[in-house]
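J.: what's the 3D shape of this:
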Amino acid sequence: MASLPVPFGSCFSQLTRKHYGITSPISLAQPKEADLVLTQKLIETLRPFGVFEEELELQRRILVLGKLNTLVQVWIREISQAKNIPSSVIDNVCGKIFTFGSYRLGVHTKGADIDALCVAPRHLERSDFFSSFYEKLKEQEEVKDLRVGSFVPVIKLSFDGIEIDILFARLALQTIPENLDLRDDGLLKNLDIRCIRSLNGCRVTDEILHLVPNIENFRLTLRAIKLWAKRHNIYSNILGFLGGVSWAMLVARTCQLYPNAVASTLVHKFFLVFSKWEWPNPVLLKQPEDCNLNLPVWDPRVTPSDRYHLMPIITPAYPQQNSTYNVSTSTRAIMVEEFKRGLAITDEILLNKAEWSKLFEAPNFFQKYKHYIVLLASAQTEKQHLEWVGLVESKIRILVGNLEKNEFITLAHVNPQSFPGPKEESEKEEFSTIWVIGVVFKKMEGPENLNVDLTFDIQSFTDTVYRQAITSKMFEADMKITAMHVKRKQLQQLLPKVAIQRSKRKHSSDGLRVMNDGSLDLSIDSDNSMSVPSPTLDDTKPDNVGNSSSNAVRKGAAPLKQPTSPVQHDSEKKPEVDSVQQNPHPSPCLSAGPASKSPASPLGNETSEKAKVEEVRQRSHVECFLNLYFLSVTKLMIYLVNVPQIASNTDLSDVPILPANPIAVVKNSIKLRLSR
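T.: Model prediction:
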């Protein structure tokens, strides 16, 4: 893979020393006293959210990992003896436990699990790990809840109360050195693709830490951004938002652009940079390199499916992958809108017009939209339910894609948080889980009511889930999916009370009216109111091909522009169905409206005015920088010219062919009547 073009121009700092990333920094400014004060306030604000772990708990994790590492070495020597490896070799042979993810990055929260990788020498097989090592773990008194992952080849366990997920990789080495650096590309030679995937998490995490100028500033900034993303319901790779590694790479890129900045500044610059980013220009932490190992990498010039990725954030370790291939039109629009909100709030914070707590205020998802699709997955036993929920959740992004393509829908926003389903009085105990998707319908013109049929959108999704379950031989007759459309006030009947902030206004007692045929008739109701590899490395067909058909075609070679965000809140437009409450979280405008009254600035009004002027200058500088960058990267993105449209009925499923004699499924008929 050829190197990507690097931007250049008068807006880029002319440095003679080494810089981080594929461009020079935007600013080398050193932190001021006010920046240090704001950073300390940020730390104090983060503490109550449990994002920092106590030293005692951290030492306990280190002790547990040490025991696990010793256990791995004992196991490897026992297996080596059983395989008749010469004693001279056995004396030196060993394996090692590596960590990756949030723990390795140093940003794990209280009670978080640990992602680990067991690296073994060449004479050990993957089957040994999932058989003899699994049995050895069973013998340990500290090990509880031991199980093998249903979809990902991983051993899950609780070791002395700490949740750990362990992947496995065997290297083409006779022994594993204590000082082994997994970033060495040479380790990938002659490896099974499954081992390469397992190594990828560690390699990416280590590269990120290697590519940031100041690890402590990076960590504090990432803690803040991850908390913000979770509070704003945009933290979930599997549901089409960003996962931990993607947020880490965005923060790392911000640190590269502002190498001397402290966390308070970096949080603000994060929102500044990515609220102006012109997707689908990719975010890159380093120049992609070709190691001549013929492994599939993210390259839209070569791989057609890569051309439809809407928000590419490319992992820095070979083989480079897009960590955000699940992002859809709706999820990207929602995240971009949240970036803009974050910028507006941090603007106020830097001018001492707001506190950091405002950034982490959680919007009320259940008051944000007027219409919702409620998805319920149920099974008879707890074990079946866990497997079923995992499968259904992994496919919800397909439902979002189906809804996006509906001509009457502007936006589909799935809440990453799931909830226990309502308890029903029946002879058999049933386990169920609920997901909620907020839906924005297009504003329609004309005097007549509009009939909208979502039956096909829902049914094609449920068909995909059922046939995946049948093909993978996990389907049981009691596994069910139910989908229904509800209005805002009706959510209270389905979700736990703690999930919904009840409106002060008294709602009508009208309930859901479910028809005998399973359809839901709401036409008469009046409403006044949790490191996934890219599919480039998978052997299966990418699920997301086709999600972006309306955004994939660009004409000409001009720099790519961010489309107007389709995110509209109820308070920003005329209601399309009856009357509606004002949205309590309207989108802030960056320049409109009077600023809220602020406490006196410790630096005085004069300093505040200077800060405003400096911010305007810096913002102009950032825009100039990004424009030049996008102009250069457009050379890479030229593949977007005359790319053919993907058919609107493209199948998004993993399993394109229905098995013979599939299980009969009750149809979910959802028909709405929207008043104009």
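
J.: tell me which element Thr433 is part of?
T.: Thr433 is located in strand 431-441, with elements delineated by DSSP states H and E.

J.: By mean pLDDT, flag the weakest helix or strand of this structure.
T.: strand 520-521 (a mean of 30; mean pLDDT, DSSP states H and E).

J.: for this structure, which spans come out with low pLDDT?
T.: Within the chain, the ranges that satisfy pLDDT under 70 run 1-18, 88-89, 150-151, 424-428, 446-448, 497-617, 631-676.

J.: Now do the helices in the stretch 251-400 of the chain.
T.: 263-275, 329-350, 365-368, 382-405 (DSSP state H, counting those that start in this stretch).

J.: what about the residue nearest to Leu209 when sequence neighbours are not counted, distance to Thr221?
T.: Using CB to CB, 6 or more residues apart in numbering and skipping the chain neighbours, the partner closest in space to Leu209 is Ile215 (6.1 Å). C-beta coordinates here come from the backbone N, C-alpha and C atoms, glycine included. Distance, Ile215 to Thr221, by CB to CB, to the nearest Å: 11 Å.

J.: Looking at these two, which has the bigger crowd around it?
T.: When Ile215 is set against Thr221 and neighbours are counted by other CB atoms under 10 Å, the residue ahead is Thr221, at 30 against 14.

J.: Surely the more buried one is in contact with Lys269?
T.: No - using CB atoms under 8 Å, Thr221 is not in contact with Lys269, being 9.2 Å away.

J.: anything in contact with each of those two?
T.: Residues touching both Thr221 and Lys269 by CB atoms under 8 Å, 6 or more residues apart in numbering: Thr254.

J.: quick revisit: in a markdown table, list the helices of the stretch 251-400 of the chain along with distance to Phe130 and mean neighbour count.
T.: Listed next are the helices of the stretch 251-400 of the chain as a markdown table, based on distance: least, CB to CB, whole Å; neighbours: other CB atoms under 10 Å:
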| stretch | distance to Phe130 | mean neighbour count |
| --- | --- | --- |
| helix 263-275 | 40 | 25 |
| helix 329-350 | 34 | 22 |
| helix 365-368 | 39 | 20 |
| helix 382-405 | 17 | 21 |
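
J.: Of all those helices, which one is nearest Gln174?
T.: Of all the helices of the stretch 251-400 of the chain, it is helix 382-405 that lies closest to Gln174, at 37.8 Å by CB to CB.

J.: Run the angle between that closest one and helix 329-350 for me.
T.: Angle of helix 382-405 versus helix 329-350, following axes from the mean of the first three to the mean of the last three CA atoms, to 10 degrees, is 90 degrees.

J.: distance between helix 382-405 and the chain's centre?
T.: Here helix 382-405 is found 15 Å from its chain centre; the criterion is CA atoms, centre = their mean, to the nearest Å.

J.: now swap in stretch 68-86 and tell me
T.: Using CA atoms, centre = their mean, the offset of stretch 68-86 from its chain centre is 38 Å.

J.: Tell me which residue lies nearest the centroid of this structure.
T.: Leu242 (2.2 Å; CA atoms, centre = their mean).

J.: could you list every residue that touches it?
T.: Residues in contact with Leu242 (CB under 8 Å, 6+ apart) are 229, 234-236, 250, 313, 323-324, 327, 335.

J.: ok, and the most crowded of those residues?
T.: Of these, with other CB under 10 Å as the count, Thr324 tops at 31 neighbours.

J.: Please look at that one and Asp306 and confirm they touch.
T.: No - Thr324 is beyond contact range of Asp306, at 11.7 Å (criterion: CB under 8 Å).

J.: So what's the residue count around Leu124?
T.: 23.

J.: which ones are touching it?
T.: Neighbours of Leu124 in contact, by CB under 8 Å, 6+ apart: 76, 79-80, 95, 170.

J.: how does it look with 10 Å?
T.: Residues in contact with Leu124 (CB atoms under 10 Å, 6 or more residues apart in numbering) are 75-76, 79-80, 83, 93, 95, 118, 132-133, 168, 170-171.
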